[in-house]
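Visitor: model this:
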Amino acid sequence: MMATIISEANLITMPSGWWPNTANITLSSVKPEYNFDYQQMYRSHMNVRICVDFLARNVAHLGLHIYKRSENNDRERIRDHKAANILKFPMPPQYKVTQFQLVEAVVADMLISGNGYLIKHRNSDGEIFALQRVPYMLMEVSGQLIPTGYRIGPLGKEFEPKDIIHFRFYNPENSTLGISPLEGLREVLAEEWEKSKYSSGFWRNAARISGVIERPLEAPAWSEVALRNFRQQWEELYSGDLNSGKTAVLEEGMSFKPMSFSQKETEYIESRKLNREECARAFHIPPPMVGILDRATFSNVTELHKSLYLDVLGPMCARLEDDWDLQYLSEFEDLAGAYTEFNIDEKLQGDFAMQLESLRQSVGVPYMTPNEGRAILNLPRLDNPMADTLVTPLNMGTPDMVVNQPVKALPTAVELKASAQSIVPEYPELDEVFTEKWRKLLTNVFTRQRDSILPKVKMDKLDVLWDKERWDKEVAKDFEALTEETAWAFADAFAKDIGTGYDREWMKEWLSENARISAEYINQSTYEKLEEALQAENPHDAIKEVFAIALASRVPKLAEERKNMVESYVEAKLADIADQIVGKVWVTTSKNPRPEHKALNGEYVDKRGLFSNGLRYPRDYRGKAEDNANCKCKVMWVRKPMPVTIPSEVE
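Guide: All right, here's what the predicted structure looks like:
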């Protein structure tokens, strides 16, 4: 078998067997016989390979692009430059190396050894024409504080630092060589290796009855020949896969005593799972991403997927981008100020449907022609001129009206509220009083639950610790009383402001049902957190921490949400029956509102109508939890028809 390497545009033929069997960097052994080097650990330990492949493939899948800033701070992607072409096709086509393969390989080298190397192949003019990965075990690096030279051991070929792109992790002992993440796993991997050897032996002997045979004291002594014959016959009858499951027949009052441990007794399966968790932890990977789904739920997997690109791949990509900029782009004088970037943003934008909905809410009018939509679906264009026209509903006006409408001075919230036309309900004293009442109630609920559960933590099942029927009933009863008290206080204040009366019976049924649903929702959330805590090494402390977080963090948040939801509901009900109220305007009051709510700011609809996000008012119980959480928006109720020009923003 022969192999070739490109070096300075020449092909170098290597003899068979040139690839070394060991690396120049080896793993310190925990046991004398455990002396695997890094590549052997990658081949032999499934959990290491899972983590390395997962990160390397995900980084390579992002795509590496080159950008340059213009004078107005816009950025332009560089597509037709030689530097971009080399990144896209790192080697001549006959060598079958793609950008994905190159990035995947060099990132995998870093994750395995702490170092990754690329050779810059140059033509006769000294210009780069190809990039080639060099396996880390072949490269020798000179220098302690800075790299002074690189040498490919089997070739005896030396390179200057400018001809090598060297990616490396931090090493406290050496500034020129990175340290492998596997160094922190050596004890875990050595233990796993020993367990795998034990397991192999266990299954090789699985059909053998492991134990000792006892003979009565009064039985005659055996000769060496008789003992040897008995042992031989026993192994022939009861060892091996073909004899597994047979029933042993003993003579002369003999008795058999098992001496082996079962897989359950040695907790073999749990230890294998723990090893994968340790590997994932060493590479900073959320466990569900590598198949550990014990504590996975739909919601936390979605958030962990975002965290993967923000907290795990984000720093790694930033490290790689800096190396590409410093060691590669600096070779091209006409790309001064350019930079490389992995396309992480595309991964965080959500699926196509989410992007369309977000853009629709932001723009507020149709933003795509039929032919543009067909192009996305790879359908042919339509020759009809209307297919290239942006169609806008009549109630939204034409695109020209929307885009070219002259900007007029916008009234502030204070000015609108001061007019006879509009009113924004604001009751700071009631806000303070009832927020505090909800805090006290929620604190009491979580304290009762904590004091009831902690003494029973030794029980195995959460269903025994947590009495769902009791807590749903108790908390719903508590919530119903305070929900009604909150509703009547805000309803009285708003009814006085708009000059209308109301009948409390209209709202009692809804308030009671809302209190029940809210109580069950909060209890279910607590149940899920307790379920996770029971899996911890110290369940008692974990459960104690669950309630500590609830008292410190969940109570203020939930108190504000409950008060706001009830207030919004009663104000909407009163406005609905008040003849003098004809419309409503969405008003954002936060200094940093979420983009979806900022887009709604100033939107006017009929008092019974829906805003463009599908809600009747801020914190509408029909909305999604993520839309209502921490929302501080208000409704401006309009006493008479709005003028033709609707304010697009309200300070």
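
Visitor: distance check, residue 137 against residue 37.
Guide: 7 Å (CB to CB, to the nearest Å). To be clear about C-beta, it is placed using only N, CA and C from the backbone, and glycine gets the same treatment.

Visitor: who's more crowded, those two?
Guide: Between residue 137 and residue 37, counting by other CB atoms under 10 Å, residue 137 is the more crowded of the two (23 against 19).

Visitor: test my guess that that one contacts residue 116.
Guide: No: Residue 137 lies out of contact with residue 116 (CB atoms under 8 Å); the separation is 11.8 Å.

Visitor: ok, how many other residues are close to residue 94?
Guide: 6.

Visitor: my bad, residue 345
Guide: What residue 345 shows, counting by other CB under 10 Å, is a neighbour count of 10.

Visitor: show the pLDDT at it.
Guide: You'll see residue 345 listed with a pLDDT of 70.

Visitor: helix or strand for it, which one?
Guide: Assigned by DSSP states H and E, residue 345 belongs to helix 344-348.

Visitor: outline the domain layout of this protein.
Guide: According to automatic domain parsing, the chain comprises the domains 3-183, 211-259, 362-403, 415-638.

Visitor: so residue 150 lies in a strand, does it not?
Guide: Yes: under DSSP: H, G, I helix; E, B strand; the rest coil, residue 150 falls within a strand.

Visitor: returning to that earlier point: among the domains of the chain, which is nearest residue 313?
Guide: Of all these, it is domain 3-183 that lies closest to residue 313, at 6.1 Å by CB to CB.

Visitor: report the distance from the closest one to the chain centre.
Guide: For domain 3-183, the separation from the chain centroid amounts to 28 Å (computed by CA atoms, centre = their mean, to the nearest Å).

Visitor: quick one, strands of the stretch 401-550 of the chain?
Guide: 422-423 (DSSP state E, counting those that start in this stretch).

Visitor: where are the low-confidence patches of it?
Guide: The model of the stretch 401-550 of the chain has pLDDT under 70 over residues 401-421, 459-464.

Visitor: returning to that earlier point: okay if I get the domains of the chain as a markdown table plus distance to residue 339?
Guide: What follows is the domains of the chain, written out as a markdown table (distance: least, CB to CB, whole Å):
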| stretch | distance to residue 339 |
| --- | --- |
| domain 3-183 | 6 |
| domain 211-259 | 61 |
| domain 362-403 | 28 |
| domain 415-638 | 26 |
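
Visitor: pick out the shakiest of the ones you listed, pLDDT-wise.
Guide: Among those, domain 362-403 carries the lowest mean pLDDT (a mean of 68).

Visitor: convert the C-alpha atoms of stretch 105-115 to PDB, please.
Guide: Written as PDB, here are the backbone C-alpha positions of stretch 105-115 (Å, rounded to 0.1, in the frame of the first residue of the first chain):
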ATOM      1  CA  ALA A 105     -10.800  16.900  10.600                       C
ATOM      2  CA  VAL A 106      -8.900  19.800  12.100                       C
ATOM      3  CA  VAL A 107     -11.600  20.400  14.900                       C
ATOM      4  CA  ALA A 108     -11.500  16.600  15.700                       C
ATOM      5  CA  ASP A 109      -7.700  16.800  15.900                       C
ATOM      6  CA  MET A 110      -8.100  19.600  18.400                       C
ATOM      7  CA  LEU A 111     -10.700  17.800  20.500                       C
ATOM      8  CA  ILE A 112      -8.600  14.600  20.600                       C
ATOM      9  CA  SER A 113      -5.100  16.000  21.100                       C
ATOM     10  CA  GLY A 114      -5.500  19.700  21.800                       C
ATOM     11  CA  ASN A 115      -3.800  20.600  18.500                       C
END
